[in-house]
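1. Build me a model:
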Amino acid sequence: MGKKQAQFRFEDTLYEDINLIAKEEGITVTEVVRNALRLYLVLYKRTKEKRGRLFIENLGEKDEKTELVLPWL
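-> Numbering: from 1, shown residues only. Purely as a prediction, here's the structure:
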């Protein structure tokens, strides 16, 4: 599998958030972007084909469930 090079331009606040995640997780900014894109693709494929919904559960004190609204639904 070959690798392609790409350049991205991020807004300052988004870049700061990406940098913060990279530092907290001990990974590079590139790895954060790759992981985010992989997650996006998984969500996109699973919900686009089946017109499904995605829920996020917070298994804390309140056991809240929130629907994640995706732009392609």
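2. Strands along this structure, start to end?
-> 54-58, 64-68 (DSSP state E).
3. In its sheet, which strands sit next to the first one, and in what direction?
-> Read that as strand 54-58. Here strand 54-58 is paired, per DSSP bridges, with strand 64-68 (antiparallel).
4. Now do the strand it pairs with, average pLDDT.
-> The average pLDDT within strand 64-68 is 75.
5. Surely residue 53 and residue 65 touch.
-> No. Residue 53 is beyond contact range of residue 65, at 11.1 Å (criterion: Cβ atoms under 8 Å). Just so you know, the C-beta spots here come from the backbone N, C-alpha and C atoms, and that holds for glycine as well.
6. Could you export the biggest helix by length in the chain as CSV, CA atoms only?
-> If you go by DSSP state H, the chain has its longest helix at helix 29-50. Presented in CSV, the C-alpha positions along helix 29-50 are these (Å, rounded to 0.1, in the frame of the first residue of the first chain):
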residue,chain,number,x,y,z
VAL,A,29,-0.5,15.6,14.6
THR,A,30,-0.4,13.5,11.5
GLU,A,31,-1.6,10.5,13.5
VAL,A,32,-4.5,12.5,15.0
VAL,A,33,-5.6,13.5,11.5
ARG,A,34,-5.3,10.0,10.2
ASN,A,35,-7.3,8.6,13.1
ALA,A,36,-10.0,11.2,12.7
LEU,A,37,-10.3,10.5,9.0
ARG,A,38,-10.5,6.7,9.7
LEU,A,39,-13.2,7.3,12.3
TYR,A,40,-15.1,9.6,9.9
LEU,A,41,-15.0,6.9,7.1
VAL,A,42,-16.2,4.2,9.4
LEU,A,43,-19.1,6.3,10.6
TYR,A,44,-19.9,7.5,7.1
LYS,A,45,-19.9,4.0,5.6
ARG,A,46,-22.0,2.4,8.3
THR,A,47,-24.6,5.1,8.5
LYS,A,48,-24.7,6.1,4.8
GLU,A,49,-25.5,2.6,3.4
LYS,A,50,-28.1,1.8,6.0
